[in-house]
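> coordinates only, sequence not included:
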């Protein structure tokens, strides 16, 4: 209780810092980045070595109320098939401009990528293979909705080369599922996991969410006990971000039913204790992985990275996002596609890219991006780290000194190394914010815990 009170005094229950899956964050993007800039960056990335590729499939059979992703509902396969045809054209165009580079990582996200029929999965995979050949040791992951998967689609994904499946769970309590519009029984989830393993899928991820309506420590512990029976290789434990002004479907969730900040803290701490006791290594602020998993190894070896997909062990310098609303990350900056499917498709149908906004790195952007990433990944920042670039110590020392003064006991400056203590790790996003030159004090993101 004393620890929680000290964290509360430090701002844990009050401040709403960014999640820092990018720097600067997406609200700071502007219209100064368009198709020509994207094509230029894409060409440079293709000459630099293997790249990562993210494909966004925005369709769902049902729209879960808790979700804030760019998605749209459909009861028929016609719009899905049309979207895939446009996506294949965008992939081929991107490959041509990039010079057909190899892939180190491929991820299909959504939405619900498994809404695709087996023949669409196979057709999309063939286009990718022709356009972006897999590098040695490449990983191919797909987000899986257990309610929207079957043997033929699993077989098609396996044939396409999928190596990792990411299963959305959120919570196994039926009452909580009802409150978030996501009915999904443990039986259906367990059957999907078993079917994926029978097909030879090498690794399983699971996504959980805390801070959901009606959730309490006892209910979350029951969900975690069931999850551990499935023994996923990686677990992402995200805090629910209630923002009905941005995601209108979240208005279906009553704010008064949501756990208050102190309970959210208790939920996160209880989950961490259970997962660590079960043999999982904590990775960053919200991930857990079995010790032999690549993500856990990257965390131990200081190779962990953070991007729009969360934590990753991918070393590629560029992440190319294709499909409506997708965001690309290049050494030069960020580029985002038009969020509306119709606008994205109009651009693709004319043979153009659909980039409509982004950010060009300038000034100390790369330096501060690297500094925030190291804090988010390692809970420590060495101002002499060559990844920060020349002049980092002089430029960032004032922020490091300020962080140590503001959060004594939670952040400590030891020479030129800023360290977030074990007790201060719940404050990581807040401490990282000290290095952010864009974020305004009044900006509201999700809760820090």
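Perfect, thanks for sending it. The structure presented is a predicted model; accordingly, all values stated were derived computationally and were not measured.
> what about the helix-or-strand element of the chain with minimal mean pLDDT, distance to the chain center?
Ranked by mean pLDDT, DSSP states H and E, the weakest helix or strand in the chain is strand 72-73, scoring a mean of 78. On the basis of C-alpha atoms, centre = their mean, to the nearest Å, strand 72-73 sits 20 Å off its chain's mean C-alpha point.
> same check, this time on stretch 135-142
Put simply, stretch 135-142 sits 17 Å off its chain's centre (C-alpha atoms, centre = their mean).
> returning to that earlier point: contact partners of the least confident helix or strand of the chain?
Here strand 72-73 makes contact (C-beta atoms under 8 Å, 6 or more residues apart in numbering) with 58, 59, 60, 61, 62, 63, 341. Every C-beta, even on glycine, is put in place using the N, C-alpha and C of the backbone.
> can you pull the contacts of residue 286?
236, 237, 238, 239, 310.
> please redo it, this time with the cut-off set to 6 Å
Neighbouring residues of residue 286 by C-beta atoms under 6 Å, 6 or more residues apart in numbering: 237, 238.
> re the thing from before, what is the most widely separated pair among the contacts of strand 72-73?
62 and 341 (17.6 Å; C-beta to C-beta).
> which one's more surrounded, those two?
Neighbour count, other C-beta atoms under 10 Å: between residue 62 and residue 341, residue 341 has more, with 21 against 15.
> check which helix or strand residue 235 maps to.
strand 234-239 (DSSP states H and E).
> my bad, residue 7
Here residue 7 is assigned to helix 2-9, by DSSP H and E.
> not counting that helix itself, show me its contacts.
Contacts for helix 2-9 (C-beta under 6 Å, 6+ apart): 265, 426.
> buried residues in the very next helix or strand once past it?
Once helix 2-9 ends, the next helix or strand along the chain (criterion: DSSP H and E) is helix 35-48. Residues of helix 35-48 classed as buried by neighbour count (16 or more other C-beta atoms under 10 Å): 37, 38, 39, 41, 42, 44, 45, 46.
> toward the C-terminus, what is the element adjacent to helix 35-48?
Counting by DSSP H and E, what follows helix 35-48 is strand 51-57.
> now that following strand against helix 35-48, angle please.
140 degrees (axes from the mean of the first three to the mean of the last three C-alpha atoms, to 10 degrees).
> what's the closest residue to residue 122 other than its chain neighbours in contact with, if anything?
Excluding the flanking residues, the one nearest residue 122 by C-beta to C-beta, 6 or more residues apart in numbering is residue 156, at 5.3 Å. Contact analysis of residue 156 by C-beta under 6 Å, 6+ apart lists 118, 121, 122.
> one more time with 10 Å, if that's ok
Listed by C-beta atoms under 10 Å, 6 or more residues apart in numbering, the contact partners of residue 156 are 114, 116, 117, 118, 119, 120, 121, 122, 123, 124, 125, 162.
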